[in-house]
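Trainee: Sequence and predicted structure below; questions after.
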Amino acid sequence: MLRFGVMTRPDIRNIAIIAHVDHGKTTLVDAMLKQSHVQRNIEDMGELIMDSMDLERERGITIKAKNASVVYSSGGGSASGGNNVKINIVDTPGHADFGGEVERTLRMVDGVLLLVDAKEGPMPQTKFVLKKALELGHKAIVVINKIDRSDAQIDEVVNRTFDLFVSLGANDEQLDFPIIYASAIAGTATTDYHKPGVDLIPLFNTILEKIPGPTIIENESLQILVLALGYDSYKGKQGIGKIYSGTIKKNMPILQIAPDDEMFPGRAIDLSVFKGLEKESVDEATAGEIVSVAGLEEVSIGSTITDPADPKKMDPVHVDEPTVQMTFSVNNSPFAGQEGKFVTSRNLHDRLFKELETNVALKVSETGSPDSYQVAGRGELHLAILIETMRREGFELQVSQPEVIFHEKDNVRSEPFERLSIIIPTAHQGAVIEEVGQRKGALIHMNHTEHGDVHLDYVISTRNLIGLKSKLLTQTKGTVILNHIFEAYKPVETSNLVELPHGSLIASETGLSNAYGLNNAQERGTLFIGPATEVYQGMIVGENAKVENIEVNINKTKKLTNMRASGSDDAIILTPPKVMSLEESLEFLGPDELLEVTPQSLRLRKKTLDPNKRKREKNKQE
């Protein structure tokens with residue numbers, strides 16, 4: 001119990017699980033849910049229960065922060081004997097591009113589980129999320145995961161994790177963190193890695209002992225900071241957040257104070273708390289609990305839900321500024337409207353501005369054209385996920401080359417720089433160091449692991465980073481592990497400007513590609529399409545081996561002459577085309593190129609399709 005009417009609730013723990021991409025966050029949450037038997041059919045739900053989006057399962061990453069809860073008995077075991085404590089768990093994204101999700105989530109909790117891979121150790125995204133957690137004063141429990149790996153370096157990883165806490169300015173209390181050694185996939189944890197664990201009870205007990213209950217203010221009016229949104233087809237829009245003070249009851253009048261101080265009255269028509277993976281309707285919830293409130297049509301992230309009789313606003317959540325922007329515009333290619341359901345500028349406008357309600361790190365602004373919008377995000381992946389989501393919903397659009405956002409202050413122009421972490425086999429280190437060196441990356445740290453890998457840390461401008469991943473994957477035969485995170489804005493230096501041009505193979509005619517035409521074109525470079533593909537004039541069909549654009553006629557057929565038949569001659573052997581993913585297509589784009597995105601196709605094209613107009617535009621620039 002604390003003074004001034006401030007106290008902690010002993011029956012609740014609110015925790016977030018934070019870690020780098022693919023270090024096992026979601027797997028650990030799955031194991032916690034299964035071992036606490038939160039749902040009858042939990043065993044039948046497969047793996048990665050928390051990753052419910054198709055995109056999350058396909059890519060193996062968490063994109064949206066999600067809530068769940070378990071009930072654990074302090075006497076040991078799940079809700080049997082002892083005092084039952086409800087543990088609200090939030091699974092957060094590990095990728096810095098979704099940092100907006102992380103920053104919101106950390107305001108909802110009172111402590112964190114920091115998950116670190118027993119081989120890779122703390123990675124850039126680990127640093128990003130941990131820094132945010134320590135700034136909020138949260139205590140951390142360090143979980144060294146994957147200790148059953150043959151190449152685990154447990155002691156070294158523990159030392160590196162401690163060094164990370166020190167470098168981030170953790171206080172003495174935060175530095176005295178407990179360590180749990182776990183294998184999330186096996187569902188075991190132990191406080192001594194020399195003694196194998198049998199279940200996750202050591203982890204649950206440590207959470208109860210080391211993570212404080214939520215701090216609440218007695219006898220204060222209702223205050224809920226909305227940090228996430230939900231939607232139910234019956235109940236409508238729902239605001240999700242932690243109750244900091246007061247009590248909320250079903251059907252009581254409530255007031256929403258928006259971040260811009262606008263007020264919207266409403267009524268709590270439904271009140272839910274998290275039970276396992278589901279929401280459970282309740283009649284009343286008190287301070288310290290994470291709740292979902294329905295009844296406010298205009299509810300938005302950062303708003304405060306309060307008592308209309310004694311309204312009190314809370315400080316809205318601060319989210320870091322975007323660093324990369326692209327232009328989203330209506331698809332105007334010759335094939336527009338053939339594959340998508342939503343193709344108009346009104347569809348595009350409504351969808352982008354609806355995304356702003358939940359995607360707090362995104363910014364959308366209108367341009368001089370009614371058909372295009374400037375969309376800014378935290379990184380290429382952040383924008384790529386939005387494009388892929390819209391594509392799956394049936395949208396057709398075209399997007400421009402990703403560009404960094406410059407800042408101007410006191411007549412000094414600054415650009416974003418990122419911390420780049422690369423792990424590669426020793427055999428490829430020369431090619432990687434040369435490629436990053438050409439892009440003006442500054443090597444900060446380099447070490448050789450005992451398993452024959454090289455770990456390189458760079459600081460590099462975001463502008464020079466675009467397109468690096470696909471290049472390194474090719475040069476290292478797919479063995480590179482590459483991660484990057486925003487470091488800081490630094491002044492633009494002329495010596496840091498790097499031209500990274502490429503040459504494109506451009507279709508000179510509209511029609512159907514065929515083997516004879518493609519055979520002539522493949523001698524010029526790498527093709528992106530195969531035979532019997534519909535193409536239009538100005539569409540990019542491949543990458544030229546030289547840094548210049550070439551028009552190719554891939555629709556050309558072999559003609560009959562008085563010397564030979566049109567079907568004779570040597571058999572044509574085509575090299576399989578390079579199938580470009582969405583991220584690879586975005587990295588390939590040049591300043592005069594666009595990516596046409598439809599539910600079924602990704603087509604690269606020139607902004608100006610007519611070759612004669614392109615020549616005139618080029619002559620004007622020169």
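Mentor: Right, received. Where do you want to start?

Trainee: going forward, measure contacts between C-alpha atoms and count neighbours the same way
Mentor: Will do.

Trainee: So which bits of whichever helix or strand Ile387 is part of are buried?
Mentor: Under the criterion of DSSP states H and E, Ile387 resides in helix 380-392. By neighbour count on 16 or more other C-alpha atoms under 10 Å, the buried set for helix 380-392 is 380-383, 385, 387-388, 390-391.

Trainee: now do stretch 593-604
Mentor: 593-599, 602-604.

Trainee: if we can go back for a sec, list the contacts of the helix holding Ile387.
Mentor: The contact list for helix 380-392 (C-alpha atoms under 8 Å, 6 or more residues apart in numbering) reads 97-98, 324, 376-377, 402, 582-583, 597-599.

Trainee: Tell me which strands whatever helix or strand comes next after that helix pairs with, and in which orientation.
Mentor: Of the helices and strands lying after helix 380-392 in sequence (DSSP H and E), the nearest is strand 397-400. Take DSSP bridges as the rule and strand 397-400 pairs in its sheet with strand 324-329 (antiparallel), strand 593-597 (antiparallel).

Trainee: can I get those in a markdown table with distance to Ile485 and mean pLDDT?
Mentor: Shown next, in a markdown table, are those (distance: least, C-alpha to C-alpha, whole Å; pLDDT from 0 to 100):
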| stretch | distance to Ile485 | mean pLDDT |
| --- | --- | --- |
| strand 324-329 | 13 | 93 |
| strand 593-597 | 25 | 94 |
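
Trainee: Could I get these in CSV, plus columns for distance to Gln621?
Mentor: Output for the strands paired with strand 397-400, formatted as CSV (distance: least, C-alpha to C-alpha, whole Å):
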stretch, distance to Gln621
strand 324-329, 22
strand 593-597, 16
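
Trainee: among these, which is nearest Glu543?
Mentor: Comparing these by their distance to Glu543 (C-alpha to C-alpha), the top pick is strand 593-597, with 12.8 Å.

Trainee: how big is the angle separating that closest one from helix 380-392?
Mentor: Taking axes from the mean of the first three to the mean of the last three C-alpha atoms, to 10 degrees, one finds that strand 593-597 is oriented at 40 degrees with respect to helix 380-392.

Trainee: my guess is Gln153 meets Lys119, correct?
Mentor: Yes. Counting by C-alpha atoms under 8 Å, Gln153 does reach Lys119; the two are 5.4 Å apart.

Trainee: ok, those two, which is more surrounded?
Mentor: Lys119 (20 against 17; other C-alpha atoms under 10 Å).

Trainee: Quick check, pLDDT for that one.
Mentor: The confidence metric pLDDT takes the value 84 at Lys119.

Trainee: In three-state terms, label it for me.
Mentor: With DSSP: H, G, I helix; E, B strand; the rest coil as the basis, Lys119 sits in coil.

Trainee: Same check on the one 10 residues further on?
Mentor: Reducing the assignment at Val129 to three states with three-state DSSP gives helix.

Trainee: Which residues does the helix or strand containing Leu164 contact?
Mentor: In this assignment (DSSP H and E), Leu164 forms part of helix 154-167. With contact meaning C-alpha under 8 Å, 6+ apart, helix 154-167 is reached by 118-122, 127, 144, 147, 175.

Trainee: got the contact list for Val535?
Mentor: Here Val535 is in contact with 507, 509-513 (criterion: C-alpha under 8 Å, 6+ apart).

Trainee: Actually, Asn553.
Mentor: Taking C-alpha under 8 Å, 6+ apart, one finds 507-509, 517, 521 in contact with Asn553.

Trainee: Any idea what Glu596 is bridged to?
Mentor: Gln398, Arg603.

Trainee: wait, I meant Phe274
Mentor: Lys279.

Trainee: Just give the nearest non-adjacent residue to Leu512, would you?
Mentor: Glu534 (4.7 Å; C-alpha to C-alpha, 6 or more residues apart in numbering).

Trainee: what do you get for Ala133?
Mentor: In space, and not counting its chain neighbours, Ala133 is closest to Leu106: 6.4 Å by C-alpha to C-alpha, 6+ apart.

Trainee: how far away is that neighbour from Thr533?
Mentor: 49 Å (C-alpha to C-alpha, to the nearest Å).

Trainee: of the two, who's got more company?
Mentor: Shown here are Leu106 and Thr533; by other C-alpha under 10 Å, Leu106 has more neighbours (27 against 12).

Trainee: Let me know the angle separating the longest strand seen in the chain from strand 324-329.
Mentor: When the chain is parsed with DSSP state E, its longest strand is strand 412-425. Per the same axes, to 10 degrees, the angle that strand 412-425 makes with strand 324-329 is 100 degrees.

Trainee: just checking, what packs against strand 412-425?
Mentor: helix 124-135, strand 407-409, strand 453-461, helix 462-465, strand 481-491 (3 or more C-alpha pairs under 8 Å, 6 or more residues apart in numbering; DSSP states H and E).

Trainee: Try it again at 6 Å.
Mentor: strand 453-461, helix 462-465, strand 481-491 (3 or more C-alpha pairs under 6 Å, 6 or more residues apart in numbering; DSSP states H and E).

Trainee: just the strands in the stretch 251-400 of the chain please.
Mentor: 253-257, 263-267, 270-275, 278-281, 284-286, 290-294, 304-306, 324-329, 363-366, 372-377, 397-400 (DSSP state E, counting those that start in this stretch).

Trainee: which of these sits most buried?
Mentor: Comparing the strands of the stretch 251-400 of the chain on average neighbours per residue, with mean count of other C-alpha atoms under 10 Å, the densest one is strand 304-306 at a mean of 29.

Trainee: and it, how far out from the chain's middle?
Mentor: 29 Å (C-alpha atoms, centre = their mean, to the nearest Å).

Trainee: and it, what does it pack onto?
Mentor: The contact analysis (3+ C-alpha pairs under 6 Å, 6+ apart) places strand 304-306 against strand 223-232, strand 253-257.

Trainee: Out of the ones you listed, flag the one nearest Arg614.
Mentor: It's strand 223-232; of these, that one is closest to Arg614 (C-alpha to C-alpha) at 46.4 Å.

Trainee: List the neighbouring strands of the closest one plus their orientation.
Mentor: In the sheet, strand 223-232 lines up against strand 236-245 (antiparallel), strand 304-306 (antiparallel) (DSSP bridges).

Trainee: ranking the ones you listed by mean pLDDT, which is last?
Mentor: When I compare these, strand 236-245 is least confident, with a mean of 86.

Trainee: Whatever helix or strand comes next after it: partners in the sheet, and parallel or antiparallel?
Mentor: Scanning forward in sequence from strand 236-245 by DSSP H and E, the next helix or strand is strand 247-249. Here strand 247-249 is paired, per DSSP bridges, with strand 284-286 (antiparallel).

Trainee: Show me what the strand it pairs with is in contact with.
Mentor: If you take C-alpha atoms under 6 Å, 6 or more residues apart in numbering as the criterion, strand 284-286 is touched by 247-249.

Trainee: please redo it, this time with the cut-off set to 8 Å
Mentor: 243, 245-250, 271, 291.

Trainee: Kindly indicate which of the residues you listed lies nearest Ala228.
Mentor: Closest approach between those and Ala228, by C-alpha to C-alpha: Val291, at 10.4 Å.

Trainee: If I look at the nearest residue to Leu420 once chain neighbours are set aside, what pLDDT would I see?
Mentor: Nearest residue to Leu420 in three dimensions, chain neighbours excluded: His484, at 4.3 Å (C-alpha to C-alpha, 6+ apart). You'll see His484 listed with a pLDDT of 79.

Trainee: go on, the one 4 residues further on?
Mentor: The predicted local confidence for Ala488 comes out at a pLDDT of 83.
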